[in-house]
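**Student:** What follows is a predicted structure for the sequence shown.
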Amino acid sequence: MAAKVRAMALSDPLFAPLDLPCGLRLRNRLAKAAMSDGLGDGMGRPSAAQTALYGRWADGGLALQIIGEVQVDPRYPEAPGNLVLTPGGDTSGFAALARAGTAGGTALWPQLGHAGALARAGIGRAAGPSALDLDGLSCVALGTDEIEALPELFAASAVMARDLGFPGVELHAAHGFLFSQFLSPLFNRRTDRYGGPITARMDILLRTVSAMREATGPAFAIGVKLNATDQLQGGLTGDEALQVVAALDGLAVDLIDISGGTYFPGASAASDAGGAGAYFAEFARAARARTKVPLMLTGGIKHRDEASRILADGVADVVGLARAFVVDPDLAHHWQAGGPDPDFPRFTTRPPGGVTAWYTETIAALAHDRPAPPPDADAALASLAARDAQLAGLWRDRFPQ
Ligand SMILES: Cc1cc2nc3c(=O)[nH]c(=O)nc-3n(C[C@H](O)[C@H](O)[C@H](O)COP(=O)(O)O)c2cc1C
């Protein structure tokens with residue numbers, strides 16, 4: 001029996017290693033997709049519980065784990081529990097986090113982010129490609145000088161990540177945050193070199209990726225998380241997203257992480273979505289024809305058979321799972337041993353953002369070695385709001401606007 005399980009694991013594409021172009025070897029094909037964990041100390045630094053969390057996930061046998069929303073500029077956070085990795089900033093605790101999260105050969109990458117127009121009210125300055133005054137969303141436009149500064153800002157944070165012991169970073173260009181805003185005609189109404197056709201809207205993203213590579217050198221992993229579609233009328237289309245994939249093919253990128261949806265008010269976000277099946281598999285198939293860069297497919301993957309098939313069919317090279325690793329941090333070991341699929345909670349009410357909030361609260365429980373809260377999305381929204389309010393006070397003191 002044990003021999004049979006071992007033979008199955010050996011022939012399963014889920015457990016074959018993958019060498020990224022930079023030389024980093026992923027020990028298997030299972031990645032914990034980026035999740036904003038809300039566990040920073042409110043001053044942009046890792047907390048002890050957060051360090052324990054990434055150690056816990058590393059013990060679970062996955063190949064790659066990505067820390068969501070590590071900000072390159074404290075003026076544009078997604079949430080007050082975000083980490084901040086910016087030149088001249090306080091980096092205490094980051095090297096210990098990198099050590100814990102890379103134990104046993106796991107790769108731990110910070111996801112470098114900038115929320116732009118979606119910067120959290122009360123602690124951030126909402127500024128995107130264009131000034132907007134919409135129902136539920138208003139922001140000012142970034143000046144040209146601020147846009148021109150982005151490549152160096154991200155490059156500097158990537159170098160800091162490398163020097164603190166992280167083997168790579170992921171650039172967040174999905175879900176309606178800054179680079180996703182540049183790609184989307186809904187947010188980007190500029191008439192200069194950064195707006196108009198998709199070739200212009202992707203310009204700052206491409207320049208930023210190039211600057212990151214030039215600054216970090218060839219032996220450091222750089223991933224890019226990209227939307228297959230914004231799932232919004234008038235947003236980035238699949239055809240345009242494929243053009244971005246083709247353009248990234250010309251740069252030294254190690255992994256394109258395919259996702260979709262946005263946190264635009266009222267829009268659908270993948271982290272809140274129900275339903276079965278990999279959400280963006282069709283796009284990944286089309287992307288495969290446009291690039292040789294390894295692809296990670298994230299969103300909606302719940303079953304081991306499905307994950308194996310995605311790899312065996314060549315749709316993607318890595319499968320990204322977020323919520324599955326929250327309900328089962330040992331998923332990689334369980335799947336390798338022929339164990340069961342994760343048991344997802346069922347919610348009786350699904351207020352907007354409530355499912356995501358439950359996962360955030362469950363991540364906090366995991367970090368503190370406490371049982372998961374009951375699957376009550378309304379209660380999760382309330383407890384997350386209370387936690388965020390406390391952290392927001394600390395953030396305002398540490399990063400006065
Ligand atoms: C609690 C939570 C926080 C998330 N935070 C981020 C984030 O910071 N950055 C990001 O790119 N995606 C984030 N996501 C989205 C996930 O990476 C993923 O794209 C989405 O949950 C769909 O994958 P899944 O079906 O495997 O959960 C988050 C998801 C959850 C559940």
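**Tutor:** Nice, thanks for sending it over. What you see is a predicted model; the values in this text were computed from it and never measured.

**Student:** hey, where'd the strands end up in the protein?
**Tutor:** For the chain, the strands defined by DSSP state E cover 18-19, 25-26, 30-35, 64-71, 83-84, 107-113, 127-128, 132-134, 137-141, 168-173, 221-227, 255-259, 295-298, 318-321.

**Student:** Can you give me every residue that contacts the most centrally placed residue in the chain?
**Tutor:** Central residue check for the chain by C-alpha atoms, centre = their mean: the C-alpha nearest the mean position is that of Ala34, 3.3 Å away. Ala34 makes contact with Ile66, Ile67, Gly68, Glu69, Gln111, Glu170, His172, Lys225, Asp257, Ala322, according to C-beta atoms under 8 Å, 6 or more residues apart in numbering. Using the backbone N, CA and C atoms, a C-beta is placed for each residue, glycine as well.

**Student:** Report the beta-bridge partner residues of the second one.
**Tutor:** Right, the one you point to is Ile67. Beta-bridge partners of Ile67, counted by DSSP bridges, are Met35, Pro110.

**Student:** one step back: among the strands of the chain, which comes closest to the ligand?
**Tutor:** Minimum separation from the ligand across those (C-beta to the nearest ligand atom) falls at strand 64-71, 2.4 Å.

**Student:** per-residue pLDDT, Gly275?
**Tutor:** What the model reports for Gly275 is a pLDDT of 77.

**Student:** and it, how many neighbours?
**Tutor:** For Gly275, the neighbour count with other C-beta atoms under 10 Å is 8.

**Student:** Roughly how far does the residue lying closest to it once chain neighbours are set aside sit from Glu78?
**Tutor:** Leaving aside its chain neighbours, Gly275 sits nearest to Gly300 (6.5 Å; criterion: C-beta to C-beta, 6 or more residues apart in numbering). Between Gly300 and Glu78 the distance, using C-beta to C-beta, to the nearest Å, works out to 22 Å.

**Student:** What is the burial count for the closest residue to Leu18 other than its chain neighbours?
**Tutor:** Excluding the flanking residues, the one nearest Leu18 by C-beta to C-beta, 6+ apart is Leu26, at 4.5 Å. By other C-beta under 10 Å, the residues close to Leu26 number 26.

**Student:** Just confirm Leu108 contacts Ala96, I think it does.
**Tutor:** No - using C-beta atoms under 8 Å, Leu108 is not in contact with Ala96, being 11.7 Å away.

**Student:** Looking at those two, which has the bigger crowd around it?
**Tutor:** Set Leu108 next to Ala96 and count neighbours by other C-beta under 10 Å: Leu108 wins out with 25 against 15.

**Student:** Not counting its neighbours along the chain, what's nearest that one?
**Tutor:** Gly101 (3.3 Å).

**Student:** What distance do you get for the residue lying closest to Leu178 once chain neighbours are set aside to Pro371?
**Tutor:** Leaving aside its sequence neighbours, Leu178 sits nearest to Gly116 (C-beta to C-beta, 6+ apart; 3.3 Å). Taking C-beta to C-beta as the measure, Gly116 falls 37 Å from Pro371.

**Student:** returning to that earlier point: quick one: pLDDT of the residue nearest to Leu178?
**Tutor:** Gly116 is given a pLDDT of 98.

**Student:** One more: Ser268?
**Tutor:** Reading off the model, Ser268 has pLDDT 72.

**Student:** can you check Met202 too?
**Tutor:** 98.

**Student:** what separates the residue nearest to it when sequence neighbours are not counted from Val293, distance-wise?
**Tutor:** Leaving aside its chain neighbours, Met202 sits nearest to Val244 (5.1 Å; criterion: C-beta to C-beta, 6+ apart). In this view, Val244 and Val293 are 12 Å apart by C-beta to C-beta.

**Student:** Please identify which of those two sits among more neighbours.
**Tutor:** Comparing Val244 with Val293 by neighbour count (other C-beta under 10 Å), the higher total belongs to Val244, at 25 against 22.

**Student:** where does the stretch 151-300 of the chain come near the ligand, residue by residue?
**Tutor:** His172, Ala174, His175, Lys225, Ser259, Ala270, Ser271, Thr298, Gly299, Gly300 (C-beta under 6 Å from any ligand atom).

**Student:** if we go to 8 Å?
**Tutor:** 170, 172, 174-175, 225, 257, 259, 261, 269-273, 279, 298-300 (C-beta under 8 Å from any ligand atom).

**Student:** Filter those residues down to the buried ones.
**Tutor:** Buried members of those, scored by 16 or more other C-beta atoms under 10 Å, are 170, 172, 174-175, 225, 257, 259, 261, 269-273, 279, 298-300.

**Student:** Other residues contacting stretch 118-138?
**Tutor:** 75-80, 115-117, 139-142, 146-147, 176-178, 181-182, 187-190, 194-195, 263-266, 392, 395-396, 399, 401.

**Student:** Next step: the residues you listed restricted to helices.
**Tutor:** Glu146, Ile147, Leu178, Gln181, Phe182, Ala392, Trp395, Arg396 (DSSP state H).

**Student:** Now a ChimeraX select for only the buried ones of those.
**Tutor:** Buried residues within those, by 16+ other C-beta under 10 Å, are selected in ChimeraX with:
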select :147,178,181,182,392,395
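
**Student:** Could you verify my assumption that the residue nearest to Met202 touches Thr199?
**Tutor:** No - using C-beta under 8 Å, Val244 makes no contact with Thr199, being 9.6 Å away.

**Student:** So, low pLDDT: which residues of the chain?
**Tutor:** Scanning the chain for pLDDT under 70 picks out 1-10.

**Student:** One more pass at 50, please.
**Tutor:** 1 (pLDDT under 50).

**Student:** can you give me the helices in it?
**Tutor:** 2-11, 48-59, 94-101, 144-164, 178-183, 198-201, 203-216, 238-249, 281-288, 304-312, 323-327, 331-336, 354-367, 377-398.
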